[in-house]
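Engineer: could you look at this predicted model? Sequence included:
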Amino acid sequence: MSRTEIEVFEQEELARVRISMAPPLRWVNSYILRGEEGVTIVDPGPRSNLTESEWRTALSELDISPRDIVSIVVTHHHPDHYGMAGYLQLLTGAEVFMSRRAHEETERMWGEGSAMNDALLQLYRKHGMPQSWYGQLPAHMESFLAQVTPSPEVTYWEEGDALVMGGRDWIAVESAGHAPGHLSFYDPERCLMLCGDAVLPQISPNISLLPGSDPQPLQSFMESLAKLGTYEVVKAFPGHRNPFTHFAERTQALLAHHEERLDRIGSLLTERDQTGFDVCTALFGLDLGIHQMRFAMSETLAHLVELVRRGRAVEIADPEGSIMFRGAGRVG
């Protein structure tokens with residue numbers, strides 16, 4: 001067997017397959033559910049020669065043939081969750097399901113005529129990122145295309161829909177912030193949650209401000225955490241790291257984490273006017289690759305626009321369109 005790792009839960013009805021992805025996360029959790037209706041794969045991972053091999057190994061180990069697979073479910077549009085969906089659809093003939101909003105994001109990011117690469121560059125530039133960083137963005141963003149090709153034909157599932165996976169009903173729960181239109185899946189009989197990246201143990205899901213997408217992603221994420229935290233969950237199966245039992249407590253910890261970060265940024269803005277890039281490097285430093293810098297910059301901007309929304313900071317634009325941020329109580 002390759003480095004593919006398989007772990008079986010819930011009386012062999014549900015299996016977790018670790019599919020390789022780039023560091024620092026190294027793998028994404030894909031889930032296989034088996035019932036009388038057939039086999040469902042949740043979040044098949046990014047496409048590469050390695051992940052194609054890992055799926056061949058996993059299906060062989062689990063004695064599943066392509067014709068057994070009837071559904072491919074995608075929690076959200078990020079390449080490490082969505083990427084293999086089109087390839088596996090061609091291989092199996094299975095339907096691919098995701099939310100309408102999440103599918104809109106795939107088109108925004110990688111659809112024909114997408115302007116995201118240039119728009120993201122312009123966003124970062126006006127928020128103070130130097131050319132030595134934003135000049136790396138076009139090649140970096142284009143590198144994801146191979147991971148999400150081909151695009152699948154998609155059927156939409158939405159909030160509240162009851163879905164049969166593994167012979168049981170799962171209720172779709174829509175959230176936002178980490179990814180617009182993110183779907184988690186709740187089994188009310190056993191209080192299980194397939195939560196994708198909506199709630200992660202140990203690490204905080206990235207919250208990114210992106211051009212043309214959710215203008216208040218941190219507000220959306222925190223509202224979603226409050227909603228998800230009301231579900232009684234005995235065990236949660238996340239997109240990264242290991243299944244965990246402290247689901248409600250984790251939603252509260254993530255809310256507290258972001259409030260602390262907002263306070264930290266608010267404190268920085270009391271010292272002097274700062275660009276988004278100034279704040280980003282104060283929080284995350286410069287010892288980052290372009291992938292992590294993109295996450296750091298967009299997460300910083302998500303927090304800054306939330307501070308503005310709360311009235312704790314103001315934006316200051318110069319005539320050329322560059323933007324600075326100032327603490328709301330500070331006189332320039």
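Structural biologist: Thanks, I have it.
Engineer: ok, which stretches of the stretch 101-250 of the chain are helices?
Structural biologist: 116-126, 131-134, 137-142, 217-228, 247-269 (DSSP state H, counting those that start in this stretch).
Engineer: who are the packing partners of the shortest one?
Structural biologist: I take that to be helix 131-134. For helix 131-134, the packing partners by 3 or more CB pairs under 8 Å, 6 or more residues apart in numbering; DSSP states H and E come out as helix 116-126. In this view, the C-beta of every residue, glycine as well, is placed from N, C-alpha and C.
Engineer: low-scoring stretches of the stretch 101-250 of the chain, by residue?
Structural biologist: Within the stretch 101-250 of the chain, no stretch has pLDDT under 70.
Engineer: one step back: okay if I get the helices of the stretch 101-250 of the chain as CSV plus distance to Met293 and mean neighbour count?
Structural biologist: Converted to CSV, the helices of the stretch 101-250 of the chain look like this (distance: least, CB to CB, whole Å; neighbours: other CB atoms under 10 Å):
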stretch, distance to Met293, mean neighbour count
helix 116-126, 9, 18
helix 131-134, 6, 14
helix 137-142, 9, 15
helix 217-228, 18, 20
helix 247-269, 17, 16
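Engineer: would you turn those into a markdown table with distance to Met297?
Structural biologist: Output for the helices of the stretch 101-250 of the chain, formatted as a markdown table (distance: least, CB to CB, whole Å):
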| stretch | distance to Met297 |
| --- | --- |
| helix 116-126 | 6 |
| helix 131-134 | 8 |
| helix 137-142 | 10 |
| helix 217-228 | 13 |
| helix 247-269 | 13 |
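Engineer: Asn49: which of the ones you listed is closest?
Structural biologist: Taking CB to CB, helix 137-142 is the member of the helices of the stretch 101-250 of the chain nearest to Asn49, at 18.4 Å.
Engineer: tell me how far the closest one lies from the chain's centre.
Structural biologist: Relative to its chain's centre, helix 137-142 lies at 18 Å (CA atoms, centre = their mean, to the nearest Å).
Engineer: this structure - how does it break down into domains?
Structural biologist: Split into domains by automatic domain parsing, the chain comes to 5-111+148-257, 119-141+262-327.
Engineer: which of these is buried the deepest?
Structural biologist: domain 5-111+148-257 (a mean of 19; mean count of other CB atoms under 10 Å).
Engineer: chain center to that one: distance?
Structural biologist: Centroid displacement of domain 5-111+148-257 relative to its chain, using CA atoms, centre = their mean, is 9 Å.
Engineer: between the two ends of that domain, how far is it?
Structural biologist: End-to-end distance for domain 5-111+148-257: 31 Å, by CA to CA, to the nearest Å.
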